[in-house]
Structure formats: structure tokens, C-alpha cells
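Enquirer: only the shape, not the letters, is given here:
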């Protein structure tokens, strides 16, 4: 990021983001204030305003950094596996859960905080979302899945899904997936939405300790979820 005009600041953008990430990891999103970051850097708050006009600008930059790092990490892990679609997809799911549990404050900032924009596609527009979407695309291209009949999709949801189809096709293309447009029907679109919703919902419950009962082996619960998701699309075992 280019510094705003004026006398050279005493800190760099990299310094600001480094301290902001450290404060986030240690204290959570509520600790992210320009005043606190400036104090940790031993400068006045105006020095930070040369780079960020507000806390929201800094938070947006941190979200991008976190998403990009997460996407790079999970894509590298998945790339070491056979390109069979399902194995890579569930490796991404496991990696996402591990990261979320180990980085609860970062997860909260990126995935569990209100954001501006189009919530119906925002998650897939982010770097992690594109990696997840590309993996789903490979799965669809390499497996004959048991998709939900379109007649079972609620009528009130259809108009939203039609718009979602175009967004998904554009993002699949941007991710390098040559996915035939005719294969992305409402059933496939609905599947993509529900896969993400169930994964995200489960991980969120676990991160915030909101299971409705005590769970002695959360790994087993998550693996059961993956097996259920695989069975739901006509594949045995993740």
C-alpha cells in the first residue's frame, strides 16, 4: 500500500499489520483499534492514518491477508493429494477446521463478523472461498453425484439460486475450472450452498463451544459429518 502524501511516517505498513495481527491473535477483534496499535508501535495515531483512513480500512486489509494466507496453506496441502476431487475437498474441510480451532480470533474476524457487501456470494469471492469452490468443481467434474431433485428445492429459493448460478460459473472460470455451464443446474447450485453451510455451521459451533451437549471426541463428530456429506451426494466415505 502506498503511503499518503506528507512527511514520511515512522512506521511502515508491514509494521502496522504485524502488530495488528499480534493484537488480534492475543486479544480478539475488539482489541483492534488504531490507538492501541499506535501505542504498541510507539507512535501517535496520525502516523497510522497515513496508511489507513479508519479502523475499517485496516480490518479489511487484515481480512484479505488472513484469507490469502489460509487459501495458500490449504491449497498447498490439497495439492499434495491425488486429484480425485473428493479427497482434496475433504482435506480442505479438515484443514479449515484445524485452522479455525487454532486461530479462533482470526476465524472470528474473517468468518464470524458482520461485513459489508453481498453476503450470498461473499464467502466464495474470498481467496479461501475460491479454493473451496475449485475443489467442489473438480469433484463435480470427476464424479457422478446424487444431486437433490430440483422439484425438492423450495420454490421461494429458486430465484436466488438462478442468480447464484451465474456468480458461481464466473468464479469457477476465474479459478481455472472449465466447468460446463449446462452441468451447473439448480440441483448442483443448491448442493454447493448446502455443503458450505453445513461445514461452516459445524466449525462455528465448535470454535465457539456451542455444541448442545458435551462432546468427548469432537474429531469423531466432524468425521461423521464428512461421511454424512459424502453419503448425501452418493459417495461412500470421505
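Expert: Great, that's in hand. Keep in mind that this is a model prediction, so the values were computed, not measured. Numbering: from 1, shown residues only.

Enquirer: going forward, measure contacts between C-alpha atoms and count neighbours the same way
Expert: Noted.

Enquirer: looking at the protein, which helix or strand does the model trust least?
Expert: helix 119-125 (a mean of 50; mean pLDDT, DSSP states H and E).

Enquirer: just checking, next helix/strand downstream of that helix?
Expert: Past helix 119-125, further along toward the C-terminus, the next helix or strand under DSSP states H and E is helix 127-142.

Enquirer: show me what that following helix is packed against.
Expert: Contacts defined by 3 or more C-alpha pairs under 8 Å, 6 or more residues apart in numbering; DSSP states H and E place helix 127-142 against helix 55-79, helix 86-102, helix 119-125, helix 155-174.

Enquirer: JSON lines please, covering those and showing distance to residue 31.
Expert: Converted to JSON lines, these look like this (distance: least, C-alpha to C-alpha, whole Å):
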{"stretch": "helix 55-79", "distance to residue 31": "11"}
{"stretch": "helix 86-102", "distance to residue 31": "19"}
{"stretch": "helix 119-125", "distance to residue 31": "24"}
{"stretch": "helix 155-174", "distance to residue 31": "34"}
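
Enquirer: nearest to residue 219, of these?
Expert: Closest approach to residue 219 among those is made by helix 86-102 (9.6 Å; C-alpha to C-alpha).

Enquirer: packing partners of that closest one?
Expert: For helix 86-102, the packing partners by 3+ C-alpha pairs under 8 Å, 6+ apart come out as helix 55-79, helix 127-142, helix 186-207.

Enquirer: for residue 147, grab phi and psi.
Expert: With angles defined as degrees, to the nearest 10, residue 147 sits at phi -90, psi 150.

Enquirer: that one contacts residue 188, doesn't it?
Expert: Yes. Counting by C-alpha atoms under 8 Å, residue 147 touches residue 188, with 6.5 Å between them.

Enquirer: which one's more surrounded, those two?
Expert: Ranked by neighbour count (other C-alpha atoms under 10 Å), residue 147 and residue 188 place residue 188 first, with 20 against 16.

Enquirer: from residue 100, how far out is that one?
Expert: 27 Å (C-alpha to C-alpha, to the nearest Å).

Enquirer: cool, residue 58 as well?
Expert: In terms of C-alpha to C-alpha, residue 58 sits 21 Å off from residue 100.

Enquirer: can you list the domain ranges for the protein.
Expert: Residue ranges for the structural domains of the chain, counted by automatic domain parsing, are given in the record as 1-53, 66-232.

Enquirer: end to end, how far does the last one reach?
Expert: When you say that, I think you mean domain 66-232. 31 Å.

Enquirer: gap between that domain and the chain center?
Expert: 8 Å (C-alpha atoms, centre = their mean, to the nearest Å).

Enquirer: distance-wise, check residue 90 relative to residue 132.
Expert: Applying C-alpha to C-alpha, one obtains 10 Å for the distance of residue 90 from residue 132.
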